[in-house]
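[1] Give the three-dimensional model of this entry:
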Amino acid sequence: MANGPKICFVIGGPGSGKGTQCELLVAKYGMAHFSSGDLLREEVASGSARGKSLQEIMKNGQLVDMDTVIQLLQEAVVKSHAENPDKIILLDGFPRDIVQAKKFEEAVCPATYVLSFDCPNETMTERLLSRAKTSGRADDNIDTIKKRLKTFEDATVPVLDYYRDSGRLISVSALGSKEEIFANACKGLCM
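    Model prediction:
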């Protein structure tokens with residue numbers, strides 16, 4: 001895309017606070033915010049042929065293929081950019097691995113920034129277990145949390161190394177109050 005969108009991948013381990021920080025960035029700066037999970041659920045709810053196909057895949061506990069996820073993200077990015085070309089677009093929790101990162105950048109456009117919320121595993125575990133008391137989420141239990149943290153370390157940390165090497169990584173400590181973390185994120189993004 002000529003004069004393409006300003007994409008900001010938002011990466012952090014489970015419980016690092018990336019969703020909360022995205023909400024704050026949207027509220028203060030009017031950024032667009034998309035997560036692949038939300039886009040998948042919206043497509044299913046639309047009742048489209050693609051949505052019905054996705055519903056079957058998800059109902060059977062299978063992962064939606066990467067090309068479909070990237071296509072949904074591309075559609076959201078193109079629409080958002082057409083409506084407001086100056087708006088920064090946050091892609092929350094994406095990419096999850098280096099293959100997704102490269103495929104998205106080939107198919108859509110390069111990320112302008114990669115905002116990483118850095119948080120020790122112990123802190124993320126504590127946050128998720130605390131959230132489990134009220135969330136009702138099936139994945140907020142100690143065994144699943146350990147698996148999610150291991151997956152993040154194995155698959156997503158190499159993404160951070162890749163973007164650090166290209167000079168596009170903004171690392172923010174995810175320790176402290178949400179206001180302190182937000183101030184650090186804004187500073188990192190030069191907002």
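
[2] All the helices of the protein, in order from the start?
    Along the chain, the segments classed as helices by DSSP state H run 18-29, 36-46, 49-59, 66-83, 98-107, 121-135, 142-151, 157-165, 178-188.

[3] quick one: low-confidence ranges for this protein?
    1-2, 61, 137-138 (pLDDT under 70).

[4] how about the helices of the chain in JSON lines, adding distance to residue 10 and mean neighbour count?
    For the C-beta atoms, the positions are set from N, CA and C on the backbone; glycine is no exception. Written out in JSON lines, the entries for the helices of the chain read as follows (distance: least, C-beta to C-beta, whole Å; neighbours: other C-beta atoms under 10 Å):
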{"stretch": "helix 18-29", "distance to residue 10": "5", "mean neighbour count": "17"}
{"stretch": "helix 36-46", "distance to residue 10": "12", "mean neighbour count": "16"}
{"stretch": "helix 49-59", "distance to residue 10": "23", "mean neighbour count": "13"}
{"stretch": "helix 66-83", "distance to residue 10": "13", "mean neighbour count": "16"}
{"stretch": "helix 98-107", "distance to residue 10": "13", "mean neighbour count": "16"}
{"stretch": "helix 121-135", "distance to residue 10": "15", "mean neighbour count": "15"}
{"stretch": "helix 142-151", "distance to residue 10": "17", "mean neighbour count": "14"}
{"stretch": "helix 157-165", "distance to residue 10": "12", "mean neighbour count": "16"}
{"stretch": "helix 178-188", "distance to residue 10": "9", "mean neighbour count": "16"}
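
[5] got JSON lines for those, with distance to residue 12 too?
    What follows is those, written out as JSON lines (distance: least, C-beta to C-beta, whole Å):
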{"stretch": "helix 18-29", "distance to residue 12": "4"}
{"stretch": "helix 36-46", "distance to residue 12": "15"}
{"stretch": "helix 49-59", "distance to residue 12": "24"}
{"stretch": "helix 66-83", "distance to residue 12": "18"}
{"stretch": "helix 98-107", "distance to residue 12": "15"}
{"stretch": "helix 121-135", "distance to residue 12": "8"}
{"stretch": "helix 142-151", "distance to residue 12": "11"}
{"stretch": "helix 157-165", "distance to residue 12": "10"}
{"stretch": "helix 178-188", "distance to residue 12": "10"}
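
[6] Looking at the ones you listed, spot the one closest to residue 5.
    Within the helices of the chain, the stretch nearest residue 5 is helix 66-83; the backing value is 4.0 Å (C-beta to C-beta).

[7] what's residue 26 in contact with, if anything?
    The neighbours of residue 26, taking C-beta atoms under 8 Å, 6 or more residues apart in numbering as the test, are 32, 33, 90.
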